[in-house]
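Colleague: Here's a sequence, model it:
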Amino acid sequence: MENAEKIIPDGYMQDSQGRLVPESTVSDIDKARDELVGEIVNGAKKLSDTLGQFKAGVMGDIAAFIELSAERFGVKVGGSKGNVSLTSFDGRYKVQRAINDHLVFDERLLVAKELIDGCIHAWSEGSRDEIKALINDAFQVDRAGRINTNRILSLRRLDIKDEQWQQAMRAIGESLQVAGSKAYVRIYERQADGSYKQVNLDLAAL
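Modeller: This next block holds a predicted model:
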């Protein structure tokens with residue numbers, strides 16, 4: 001298999017191009033660097049696994065608690081969807097579960113763009129430059145070739161009564177699809193001033 005780990009014979013090291021190099025030809029500083037990087041990476045992988053297990057356990061516990069709470073009112077709810085906030089009895093700690101949907105547009109967005117282009121052409125005499133700039137900016141793609149979802153959806157907040165524009169906004173709404181969801185767990189501790197500070201689980205921010 002391509003991803004199978006290559007067995008390194010005794011007395012050799014593998015370089016960045018996959019070649020086997022006799023250890024005797026590798027400098028001491030290169031060996032020390034390789035050892036240090038390996039130790040750091042192994043520690044990071046263990047920490048990542050621990051955090052992953054912690055998150056899975058927290059998500060399961062929250063889902064189970066939601067079901068337990070719902071049963072007391074004689075109702076049945078799904079425990080894995082929706083945002084929820086749980087607070088300790090003394091208010092010192094707060095745990096939040098957030099579910100963020102990844103939104104994408106299907107081919108009907110192209111229809112909406114054609115309708116909007118028609119509007120701009122029809123309004124060319126008296127249309128405001130700010131609206132034109134907003135529309136052009138919304139449909140620009142980023143470096144990865146993606147369209148900014150929030151900018152597209154912001155067009156629907158414009159108070160424009162034109163029927164063709166309204167038709168374009170309906171096309172935008174109908175083209176919106178949920179491509180996937182990602183769950184987040186955030187833990188907070190109340191500070192002396194009453195505000196809540198997030199318990200940082202981001203290595204880069206520590």
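
Colleague: Next SSE downstream of the biggest helix by length in the chain?
Modeller: Counting residues, the longest helix found in the chain (DSSP state H) is helix 28-71. Sequence-wise, the next helix or strand beyond helix 28-71 is strand 84-87, with elements assigned using DSSP states H and E.

Colleague: list the buried ones in that next one?
Modeller: With burial defined by 16 or more other C-beta atoms under 10 Å, the residues of strand 84-87 counted as buried are Val84. Any C-beta I mention is one placed from the backbone N, CA and C, and that applies to glycine too.

Colleague: so how far is the longest helix of the chain off the chain centroid?
Modeller: Relative to the mean C-alpha coordinate of its chain, helix 28-71 is positioned 18 Å out (C-alpha atoms, centre = their mean, to the nearest Å).

Colleague: Please name every helix or strand in contact with that helix.
Modeller: Secondary-structure packing of helix 28-71 (3 or more C-beta pairs under 8 Å, 6 or more residues apart in numbering; DSSP states H and E): strand 84-87, strand 93-105, strand 176-190.

Colleague: Which stretch among those approaches Thr25 most closely?
Modeller: For the helices and strands packed on helix 28-71, proximity to Thr25 was assessed by C-beta to C-beta; strand 176-190 is nearest, at 46.6 Å.

Colleague: what mean pLDDT does the closest one have?
Modeller: Over the span of strand 176-190, the pLDDT mean works out to 87.

Colleague: in its sheet, what does it sit against?
Modeller: Here the strand partners of strand 176-190, with direction, are listed using DSSP bridges: strand 93-105 (antiparallel), strand 196-198 (antiparallel).

Colleague: Could you give the bridge partners of the residue nearest in space to the middle of the chain?
Modeller: Taking C-alpha atoms, centre = their mean, the centroid of the chain lies closest to Lys182, which sits 6.4 Å from it. As for beta bridges, Lys182 partners with Asn100 under DSSP bridges.

Colleague: I figured it hits Asn100, correct?
Modeller: Yes. Lys182 is in contact with Asn100 according to C-beta atoms under 8 Å; the separation is 5.3 Å.

Colleague: quick revisit: right, and the helices and strands packed on helix 28-71 - which one's nearest Asp10?
Modeller: Counting by C-beta to C-beta, Asp10 lies closest to strand 176-190 out of the helices and strands packed on helix 28-71; the figure is 44.2 Å.

Colleague: Outside of the closest one itself, list whatever touches it.
Modeller: Residues external to strand 176-190 that are found in contact with it (C-beta atoms under 8 Å, 6 or more residues apart in numbering): 55, 58-59, 62, 91-106, 153, 196-199, 201.

Colleague: Just the buried residues from these, in ChimeraX please.
Modeller: Applying 16+ other C-beta under 10 Å to the contacts of strand 176-190 leaves a buried subset, and the ChimeraX line that selects it is:
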select :59,62,94,95,96,97,105,153,196
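
Colleague: Quick check: what element follows the helix or strand bottoming out on mean pLDDT in the chain along the chain?
Modeller: Comparing helices and strands within the chain by mean pLDDT, DSSP states H and E singles out helix 129-138 as the least confident, with a mean of 74. The helix or strand immediately downstream of helix 129-138 is helix 149-154, counting by DSSP H and E.
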